[in-house]
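# Got a predicted model here, sequence first, then my questions.
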Amino acid sequence: MAYDFLGLTNDICRRLNETELSSGNFSTTTGVYSQLKDSVNAAIRDINQSHFAWPFNHNYVQLTLTPGQLRYPLPTNHKYVDFDTVRLERSTSPLVENARKLTQLSYDEYVSRYIDEEYRPSSQGSAPEYVVRAQDGDIIFAPIPDKAYQVKYEYYMYPADLVNDTDVPTIPYRYRHVIVDGGMYYAYMFRDNIESARVSFQKFEDGMKRMRTQSINENIYARAV
């Protein structure tokens, strides 16, 4: 069975002894089948929202700065931006001989030290040295850029819901069973089968805990030298 929206929905159909869907009727489902599709997406959302930094939701932005512009919107699908990864990339035009990390400032410190940058023309700017999270969620670079510098930073995203039968979740295949356990919880709740829902929810939570252990947790050892 393919690892996609159709395959995951049919995993739940089989457990509930329902007729499986096909690619031909998947987009026109109604009633219980639409609810089972919603259950898959609900389980995926729960997994994605249960941790800030799932490695499978890692992404990055490569941004070309505009001379004279300090503020830039963050990606609309961002969950957590790692401001410690913001760096000015090496380039030949404009000339940046060595890539370097930009230092993060708090917004208060930015206002105290660099607020005048917002009123300067780009001709008085330079290569950015600092990065700031603005209070409205934008990202700020200071000093004001005077050229089209290349910047890169990393973030973790909220993936979009699955829509088409061939859509594949960002969650790796090895955790397919966790998605299905979560989907079964929502399916049983829809059917008012509270006892089966409780069992499925416990399996779902246990599965997410194992996911965190395998994908997130690190053992740091100190040793004598």
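On my side now, so go ahead. The structure displayed is predicted, hence computed values, not measured ones.

# hey, let's count contacts and neighbours off CA atoms from now on
OK.

# Can you verify K79 is assigned to a strand?
Yes - according to DSSP: H, G, I helix; E, B strand; the rest coil, K79 belongs to a strand.

# Find the nearest non-adjacent residue to it, please.
Spatial nearest neighbour of K79, chain neighbours left out: M157 (4.9 Å); criterion: C-alpha to C-alpha, 6 or more residues apart in numbering.

# Now the helix of greatest length in the chain: buried residues?
Longest helix in the chain by number of residues, with DSSP state H as the criterion: helix 194-215. By 16 or more other C-alpha atoms under 10 Å, the buried positions in helix 194-215 come out as 197, 200-201, 203-205, 207-208, 211.

# Next: stretch 114-129.
Quick answer for stretch 114-129 (16+ other C-alpha under 10 Å): 117-118, 122, 125-129.

# Tell me which residues touch the spatially most central residue of the chain, please.
The chain has M157 as the residue nearest its centroid, 1.4 Å off, counting by C-alpha atoms, centre = their mean. Counting by C-alpha atoms under 8 Å, 6 or more residues apart in numbering, M157 makes contact with 57-59, 77-80.

# show me what contacts F52?
Counting by C-alpha under 8 Å, 6+ apart, F52 touches 79-80, 156.

# Give me the buried entries from these.
For those, burial is judged from neighbour counts taken by 16+ other C-alpha under 10 Å, and it is met by 79, 156.

# Looking at the contacts of F52, which is nearest L8?
Nearest to L8, judged by C-alpha to C-alpha, of the contacts of F52 is Y156 at 23.9 Å.

# Please enumerate the helices of this structure.
Ranges of helices in the chain, per DSSP H, are 5-15, 31-49, 107-114, 176-190, 194-215.

# okay, those helices in JSON lines with distance to V86 next?
Output for the helices of the chain, formatted as JSON lines (distance: least, C-alpha to C-alpha, whole Å):
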{"stretch": "helix 5-15", "distance to V86": "35"}
{"stretch": "helix 31-49", "distance to V86": "23"}
{"stretch": "helix 107-114", "distance to V86": "16"}
{"stretch": "helix 176-190", "distance to V86": "33"}
{"stretch": "helix 194-215", "distance to V86": "24"}
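
# Tell me which of those approaches S23 most closely.
Closest approach to S23 among those (C-alpha to C-alpha): helix 5-15, 7.2 Å.

# Measure how that closest one sits relative to helix 176-190, angle-wise.
Computed with axes from the mean of the first three to the mean of the last three C-alpha atoms, to 10 degrees, the direction of helix 5-15 lies at 60 degrees from that of helix 176-190.

# what angle separates helix 5-15 from helix 31-49?
Taking the same axes, to 10 degrees, one finds helix 5-15 and helix 31-49 inclined to each other by 110 degrees.

# quick check: mean pLDDT across helix 5-15?
Averaging pLDDT along helix 5-15 gives 97.

# What ranges in the protein fall below the confidence cut-off?
Scanning the chain for pLDDT under 70 picks out the ranges 218-225.

# Got the domain ranges for it?
5-53+171-215, 57-157 (automatic domain parsing).
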